[in-house]
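Peer 1: show me the folded form of this:
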Amino acid sequence: MNSPSAGPDVARELAELSRAECLRLLGTRAVGRVVFTERALPAVHPVNYLLDGDEVVFRTGGGGKLAAATLRKLVAFQVDDVDNSSGAGWSVLGVGEAYEVLDPERVEALATRMPPPWAESAVGGHIIAIPLGRLTGRRLGPVPARAAGR
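Peer 2: Numbers count the residues shown, from 1 in each chain. Next up is the predicted model:
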């Protein structure tokens with residue numbers, strides 16, 4: 001997120017985002033992080049994804065541990081965009097119970113819209129969906145001039 005008017009010395013404020021704004025922002029990115037538990041420890045894997053309505057959908061390899069670790073488990077999905085020079089940006093976090101998309105019609109429809117897999121192992125693998133039952137987000141940006149007393 002580039003914001004040339006907000007340098008590092010500018011006052012910033014944190015604002016909660018609506019569900020609609022969170023979904024809009026999720027739709028602007030192609031890479032996010034799946035957060036799950038692996039052997040009783042937290043784990044995070046980056047994935048390229050597609051926002052399909054209120055669900056995040058991604059591919060994983062046929063025998064991949066990500067598929068095994070997420071199926072029918074409560075997981076989180078996080079995406080952000082932060083400008084390193086200004087500190088301005090946003091973060092969205094969704095939580096839901098992951099499941100494998102098995103309906104042949106939906107698999108076919110998603111295949112034409114999903115980003116290409118990063119690894120060959122994901123080509124014939126699983127399509128995992130995370131329904132975003134809980135969705136929160138925050139934006140950090142410059143304080144508007146009138147609020148800063150200017």
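Peer 1: so after the worst-scoring helix or strand of the chain on mean pLDDT, what's the next helix or strand?
Peer 2: Lowest mean confidence among the helices and strands of the chain (mean pLDDT, DSSP states H and E): helix 65-70, at a mean of 71. Tracing the chain past helix 65-70, the next element assigned as helix or strand by DSSP states H and E is strand 74-82.
Peer 1: and the next element down the chain from that next one?
Peer 2: Downstream of strand 74-82 (by DSSP H and E), the next one is strand 89-97.
Peer 1: packing partners of that next one?
Peer 2: Counting contacts by 3 or more Cβ pairs under 8 Å, 6 or more residues apart in numbering; DSSP states H and E, strand 89-97 packs against helix 19-26, strand 74-82, strand 126-131, strand 134-142. For the C-beta atoms, the positions are set from N, CA and C on the backbone; glycine is no exception.
Peer 1: tell me which of those is the most buried.
Peer 2: strand 126-131 (a mean of 21; mean count of other Cβ atoms under 10 Å).
Peer 1: using CSV, write down the CA coordinates of that one.
Peer 2: Presented in CSV, the C-alpha positions along strand 126-131 are these (Å, rounded to 0.1, in the frame of the first residue of the first chain):
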residue,chain,number,x,y,z
HIS,A,126,-7.1,-31.1,-3.2
ILE,A,127,-9.1,-27.9,-3.4
ILE,A,128,-9.7,-26.7,0.1
ALA,A,129,-12.3,-24.1,1.1
ILE,A,130,-12.5,-22.0,4.2
PRO,A,131,-15.9,-20.5,4.9
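Peer 1: how about low-confidence regions in the protein?
Peer 2: Low-confidence segments of the chain (pLDDT under 70): 1-11, 62-64, 119-124, 143-150.
Peer 1: could you dump the helices and strands packed on strand 89-97 to a markdown table with distance to Arg113?
Peer 2: As requested, those are arranged in a markdown table below (distance: least, Cβ to Cβ, whole Å):
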| stretch | distance to Arg113 |
| --- | --- |
| helix 19-26 | 15 |
| strand 74-82 | 18 |
| strand 126-131 | 11 |
| strand 134-142 | 21 |
